[in-house]
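In: would you be able to build a 3D model of this:
(chains A and B)
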Amino acid sequence: AQSVAQPEDQVNVAEGNPLTVKCTYSVSGNPYLFWYVQYPNRGLQFLLKYITGDNLVKGSYGFEAEFNKSQTSFHLKKPSALVSDSALYFCAGNDYKLSFGAGTTVTVRA
Amino acid sequence: DTAVSQTPKYLVTQMGNDKSIKCEQNLGHDTMYWYKQDSKKFLKIMFSYNNKELIINETVPNRFSPKSPDKAHLNLHINSLELGDSAVYFCASSQTMGGQTDTQYFGPGTRLTVL
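Out: Modelled structure (predicted):
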């Protein structure tokens, strides 16, 4: 079974600063991890996923995520945040069905 | 063209009514899903269908009945609506079933409000 946790309900950063959204996972086999973003009143948009291979995964809109096996983490990062990145971010594990974390609300202030 | 579409976008109805939400995907995917997002934004899978066959049914009341007329469509019918059914319902699709590496693509959601 796979489960993920997002330890922060909210993340606030200033525009231009680095953005990190945290995710930890617990799996009994190989981890298959995903990040999605939900803009207000919109559906979920896929950002990136980790399957195997490189620990640094690059995704859409300038986001990347670092898989860390020893820390069982899969944190989402963006070097320079934009106001338009303000949204709800979900980490998910796929154990034949997506199991989502509780979500992290990101607010980027101008 | 929208990859995964849902209708209606908003649905307001009275308790006890029966309603349906429709979903269509034009990605040629084999598997479709229904998720429920509650008022606290928690997302949880309800059902999945692979090529018109029910694969996952997550402890959902039997008032909820998915129907898949073909692999491009997955509709959700809800009988005897209750206040607790108020939520946003998302449809999604993926290439294959049992593909832990497959990306699921989501529709825009249907906001159901039961009065």
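In: state the distance from residue B:9 to chain A.
Out: Between residue B:9 and chain A the computed distance is 9 Å (C-beta to the nearest C-beta, to the nearest Å). C-beta: built from backbone N, CA, C; applies to glycine.
In: in this structure that residue contacts residue B:109, no?
Out: Yes - in this structure, residue B:9 is within contact of residue B:109 by C-beta atoms under 8 Å, at 7.5 Å.
In: how about the residues of chain A that lie near chain B?
Out: With C-beta under 8 Å from any C-beta of the partner chain as the criterion, chain A meets chain B at residues A:30, A:32, A:34, A:36, A:38, A:42-46, A:49, A:51, A:88, A:90, A:94-100, A:102-103.
In: among these, which ones are buried?
Out: A:32, A:34, A:36, A:38, A:43-44, A:46, A:49, A:88, A:90, A:94, A:97-100, A:102-103 (16 or more other C-beta atoms under 10 Å in any protein chain shown).
In: for chain B, which spans come out with low pLDDT?
Out: Scanning chain B for pLDDT under 70 picks out the ranges B:1-2, B:97-98.
In: please enumerate the strands of chain B.
Out: Using DSSP state E, the strands found in chain B span residues B:4-7, B:10-13, B:19-25, B:31-37, B:43-50, B:53-57, B:64-70, B:73-78, B:87-94, B:105-106, B:110-114.
In: so between residue B:9 and residue B:109, which is more surrounded?
Out: A count of neighbours by other C-beta atoms under 10 Å in any protein chain shown puts residue B:109 above the other of residue B:9 and residue B:109, at 22 against 13.
In: I figured the more buried one was touching residue B:36, is that so?
Out: No - judged on C-beta under 8 Å, residue B:109 makes no contact with residue B:36 at a distance of 10.3 Å.
In: joint contacts of the two?
Out: Jointly contacting residue B:109 and residue B:36 under the rule C-beta atoms under 8 Å, 6 or more residues apart in numbering or on different chains are B:88-90.
In: most neighbours, which of those residues?
Out: residue B:90 (26 neighbours).
In: could you verify that residue A:61 is part of a strand?
Out: No - read with DSSP: H, G, I helix; E, B strand; the rest coil, residue A:61 is helix and lies in no strand.
In: nice, that's everything, thank you.
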